[in-house]
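> Quick one, structure for this:
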Amino acid sequence: MPDWLSVAVRTLLAVAVLFIMTKLLGKRQVSQLSLFEYITGITIGSLAAYISLDIDMKWYLGIVSLCVWVGVSLGIEYLQIKSKRVRDFIDTKGTVLIKDGKILEENLKKERLTTDELMEQLRSKQVFLASDVEFAIMEPSGSVNVLLTRENQPLTAKHTGIKVNPEQEPQAVIMDGRIMDEPLATMGLSREWLNTELETIGVTPENVFLGQVDANQQLFVDLFDDQLVVPKPNIKAALYALLKKCEADLEMFSLSTEEEEAKHMYERCSQSLERTLLEIKPYLKN
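Numbers count the residues shown, from 1 in each chain. From the prediction side, this is the model:
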């Protein structure tokens, strides 16, 4: 077999073997790596290159070595799952860099991290003052995670004592001009509903690059033609405006009628609707 053809065949074989081995190792190998996973990734890549190009040696020995490395990696990952001591030994523990707004210089030196690098990591978390940080830790993967002081944390519904319902994830119901039936079924919707919504905004499925439905069953679309502007759905705003009109109508009825019983009835209904609007306003005006 000519050398060029041998290299081509071995490269294809190396790609296939490397893909299978990476699938076996799992998603951690393509995310942020620990120290051992970093070494494993480099070695496996080098072995794959050896299998592809070294035509003078027995190429199948590279596959044997590759299988051994993958087997060792799987074994170590199993031990890490079963034992915290093994995890701490192989991946090491996280290092606290900031505590109570105070930078721990000794821990910075231990991780060989400069002040500029620490500030760069903080800025990547949208933090520009070290004193705003309650706690910062460098993870075994090398990333830095921060906990802001309570006064610097974003205000959430929990802070205000408001209970909110679980949010259902949006579903992509149209992709590349094709309707996706499974996401529609997940949202409890049908093609008829989708076609009605599309007719309302004046587009067809074939013109939609991406269509998504949120938890409130509102449809958002992005068209192939970026020059066309599609109005955003405003169902909640329309509902709020309709309820406000009903409240105003009830007040008008109470003022226009001369019957005391009817006047009191309209006033009670108007006041009840006003209280309801105050409660639901945060949900309809967001």
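> Quick one: distance of stretch 195-205 to the chain centre.
With CA atoms, centre = their mean, to the nearest Å as the basis, stretch 195-205 stands 29 Å off its chain's centre.
> Backbone torsions only: list them for L147.
The phi/psi pair for L147 (degrees, to the nearest 10) reads phi -120, psi 120.
> That one: what's it in contact with?
Contact analysis of L147 by CB atoms under 8 Å, 6 or more residues apart in numbering lists 133-136. C-betas here are computed from N, CA, C, even on glycine.
> swap the cut-off to 7 Å and go again
134-135 (CB atoms under 7 Å, 6 or more residues apart in numbering).
> how far away is the residue nearest to E251 when sequence neighbours are not counted from S256?
Closest residue to E251 apart from its sequence neighbours, by CB to CB, 6 or more residues apart in numbering: S270 at 5.0 Å. Using CB to CB, to the nearest Å, S270 is found at 13 Å from S256.
> out of the two, which sits in the busier spot?
S270 (19 against 10; other CB atoms under 10 Å).
> Please, which helix or strand holds A136?
strand 133-138 (DSSP states H and E).
> what packs against that strand?
strand 95-99, strand 144-148 (3 or more CB pairs under 7 Å, 6 or more residues apart in numbering; DSSP states H and E).
> So what touches that strand?
Against strand 133-138 from outside (CB under 7 Å, 6+ apart): 94-101, 111, 122, 127, 144-149.
> follow-up on the earlier one: tell me which residues touch the residue nearest to E251, please.
Counting by CB under 7 Å, 6+ apart, S270 touches 247, 250-251, 254.
> The same query, at a cut-off of 6 Å, please.
Going by CB atoms under 6 Å, 6 or more residues apart in numbering, S270 touches 247, 250-251.
> Going by neighbour count, which of those comes out on top?
L250 leads the contacts of S270 on contacts (other CB under 10 Å) with 20 neighbours.
> would that one count as being in a helix?
Yes - with DSSP: H, G, I helix; E, B strand; the rest coil as the criterion, L250 is assigned to a helix.
> My guess is it contacts R268. True?
No - if you go by CB atoms under 6 Å, L250 and R268 don't touch, sitting 9.1 Å apart.
> Give the burial count for V133, as a bare number.
Other residues lying near V133 total 23 when counted by other CB under 10 Å.
> What's the separation between it and Q121?
Taking CB to CB, one finds V133 at 11 Å from Q121.
> so can I have CSV of the contacts of S270 showing distance to F209 and pLDDT?
Formatted as CSV, these follow (distance: CB to CB, whole Å; pLDDT from 0 to 100):
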residue, distance to F209, pLDDT
E247, 41, 83
L250, 45, 84
E251, 47, 84
